[in-house]
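Enquirer: Prediction below, plus the sequence it came from.
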Amino acid sequence: MQSETIVADVVHALDQITGGRVITDLSQLSSGKNRFVMIKTSNIPGKEVMETPGLVWGDPQMPVRKLAVVMTLTESVIELAGATGVDAVVAHHPIADAANSGGVPLKSYLSLYNLAALELHEAFHGLHPGIPFIHGHQTFRVDVAYGGIPGSVVFFGRALPEVKTVGDILDRLERFMGAGLEQELLAREQEIRDCWEIQETIVANGTRLFNGEVNNPVGTIIHITPHGGLTPEHLEQAVREHPDADTVICSISRVRPDSPLVQKAKELGLNFIVGNTHAVEILENGMPLAYALQSLLPGVEVVLFRERVTSTPLAKAGNEAIRNYARDIADKYLIPKKQ
Ligand SMILES: [Fe+2]
Ligand SMILES: [Fe+2]
């Protein structure tokens, strides 16, 4: 019979997946020896977070029978884990005390449900070529600080053999992300709730073509991540470096149709495809991580937690009872009375 899996085995599995990038003893937090231990900050006082790949909270000896892979730890994640018998949550995005646990310290909340929490963010990035693959190309050059800006990631790739045109990339993204199903789900929700104004993050962020035609051939692709700070001048430089480039794909974040980057692509005669957003990173990165954990921890049941965020006009949110309640509370207690 197979021996019981414990939290320490999950840490070990993450260390195997990353080829040794995980914290295995606490001295690595301050020694500067682990380059994946890093501070993320916008210099807003008190709001920075340190990435600590590996175990964040929980007893390393605790048994793990069920494990959830999530993008971001939230109170909803903790509650779902608690309700469905999950012993350990592996979050991709870094975990900050209280911010990722509904405003209360992680310690008290996670202990209540006997839940271990682990994180694996930058230490996971760059381990696989999946994001370019989903977008239809194979990378031959990756720059993680294009133009000298750390975090401005640019992939240069060649279209996969089965990807001949812009339309092939758009179809491929639809197919991998299951956009049709998300649209159907949203339409049903709108119908059931009798509210056609509900929007949902994946449907609202469908793939777009901002320059070029679906029949245009694709060969060499410049795949950008606009939130990293890439400028039109950088795009020009990228084309100088790779004059055979015919297509720009942006993903993780996106630009508007009137963006200077789109303008530049038009000037340069490049197709401009808007691909996946961060909202589907659970599929791009979360699922491969979950499959790797499942393979390394065969005795554990691995589940994937997905967020589905919707937007509803206030006047149609909830039901009649809760709207009456909310209006009443606001009137009686929250809105300052006129003197
Ligand atoms: Fe990521
Ligand atoms: Fe992310």
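Expert: Cool, got the structure. Ligands and ions are numbered 1, 2, ... in the order given.
Enquirer: now for stretch 60-68, what's the gap between its first and last residues?
Expert: Counting by CA to CA, to the nearest Å, the length from the leading to the trailing residue of stretch 60-68 is 17 Å.
Enquirer: Give the buried residues for that stretch.
Expert: With burial defined by 16 or more other CB atoms under 10 Å, the residues of stretch 60-68 counted as buried are Val64, Leu67, Ala68. In short, each C-beta sits where N, CA and C put it, glycine included.
Enquirer: Surely the last one is in a helix?
Expert: Which is Ala68. No: Ala68 is assigned strand when assessed by DSSP: H, G, I helix; E, B strand; the rest coil, not a helix.
Enquirer: pLDDT score for the nearest residue to Ile23 once chain neighbours are set aside?
Expert: What sits nearest to Ile23 in space, not counting adjacent residues and going by CB to CB, 6 or more residues apart in numbering, is Gly54, at 4.2 Å. At Gly54 the predicted local confidence, pLDDT, stands at 97.
Enquirer: Kindly tell me how buried Gly54 is, as a neighbour count.
Expert: 24 (other CB atoms under 10 Å).
Enquirer: mind listing what it touches?
Expert: Under the criterion of CB atoms under 8 Å, 6 or more residues apart in numbering, the contact partners of Gly54 comprise Val11, Leu14, Asp15, Val22, Ile23, Thr24, Leu118, Glu119, Leu120.
Enquirer: So the second one sits against Pro53, correct?
Expert: Translated: Leu14. Yes: A contact is recorded between Leu14 and Pro53 when judged using CB atoms under 8 Å, the distance being 7.1 Å.
Enquirer: tell me, what's touching the two both at once?
Expert: Counting by CB under 8 Å, 6+ apart, the shared contacts of Leu14 and Pro53 are Val22, Leu120.
Enquirer: do you know how far Gln263 is from Arg256?
Expert: 11 Å (CB to CB, to the nearest Å).
Enquirer: can you check Asn43 too?
Expert: Note on Asn43: its distance to Arg256, by CB to CB, is 27 Å.
Enquirer: and these two? which has more neighbours close in?
Expert: Set side by side, Asn43 and Arg256 show unequal neighbour counts under other CB under 10 Å, the larger going to Arg256 at 10 against 6.
Enquirer: The more buried one belongs to a strand?
Expert: No: the assignment for Arg256 (three-state DSSP) gives coil, which keeps it out of a strand.
Enquirer: Secondary structure class of the nearest residue in space to it that is not next to it in sequence, three-state.
Expert: Distances taken as CB to CB, 6+ apart put Val262 closest to Arg256, at 7.8 Å, once the chain neighbours are dropped. When states are read from three-state DSSP, the local structure at Val262 comes out as helix.
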